[in-house]
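# give me a 3D structure for the following:
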Amino acid sequence: MYRKQMALQRVLCILFICACALVFVYALGFMTDAYDMINPLDKRTKTAEMSQLMTDMDLFDKDLVRVGIGLVVVSLCLLLTNTQSRRKYYISNYIATGVTAAAAIAATIWAHQNITALRARYFSGIIDFEAVEKALDPHPGRRPPLGVFSDSAFWFDVHYVVFGILLIAAVLLILNAIWKSTLMKREQELLKADKGV
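Next up is the predicted model:
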């Protein structure tokens, strides 16, 4: 049983680090469509509300990049404490597991609240997508458009997958620590029983 648990703990630690790296990669791409579409617009097409929305999204994206980097750094605590390969967990392993899982859960809640709020604002009518499309390509077919038009919600909606993976990895880390603790207690009981005989 210990062998299976140790193989699983190695996989879970790697999965968690990869999930944190995925958050960072997602943060780098979050503003891609909005930048490509809105930056080339002239001042007549860009309203004050649109500029404010872009500023708010940009500030959030910078924070999201920092959170992604922070998650990657915190996840490395698992490797520093050898949580991926210890046969017996020490207090440092439980602390590393708890801190990394708590950071992932907190980041997920924070990101979900902000991304859903920004998505609602993005599609609330602040951006007139028809006017933007026309401004980017005023003479279709004659010359290359000024920017790339996109009214897609991909970067907003994919956060469910990215942070879902992170949340699942955090929960699995906690469950693994509980399983490890149970196995360690059973092993201690068996050792005591052997000594008693």
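# C-alpha only now, for contacts and for neighbours.
Fine.
# could you list the low-pLDDT ranges of the protein?
For the chain, the stretches with pLDDT under 70 are 1, 195-197.
# surely Asp36 touches Gly147?
Yes. Using Cα atoms under 8 Å, Asp36 makes contact with Gly147 at a distance of 5.8 Å.
# more crowded one of the two?
It is Gly147, of Asp36 and Gly147, that has more neighbours when counted by other Cα atoms under 10 Å, with 19 against 15.
# measure that one to Ile126 for me?
19 Å (Cα to Cα, to the nearest Å).
# with Gln9 instead?
In terms of Cα to Cα, Gln9 sits 47 Å off from Ile126.
# of these two, which one has the most company?
Gln9 (22 against 16).
# residue contacts, the more buried one?
With Cα atoms under 8 Å, 6 or more residues apart in numbering as the criterion, the residues that contact Gln9 are 83-85, 173, 176.
# find the helix or strand that it is a member of.
helix 2-29 (DSSP states H and E).
# remind me what the next helix or strand after that helix packs against, helices and strands.
With elements assigned by DSSP H and E, the helix or strand that comes after helix 2-29 is helix 32-38. Contacts defined by 3 or more Cα pairs under 8 Å, 6 or more residues apart in numbering; DSSP states H and E place helix 32-38 against helix 129-136.
# what about the helix it packs on, distance to the chain center?
The chain centre lies 32 Å from the centre of helix 129-136; the measure is Cα atoms, centre = their mean, to the nearest Å.
# before we move on, what about stretch 101-108?
Using Cα atoms, centre = their mean, the offset of stretch 101-108 from its chain centre is 9 Å.
# buried set for that stretch?
101-105, 107-108 (16 or more other Cα atoms under 10 Å).
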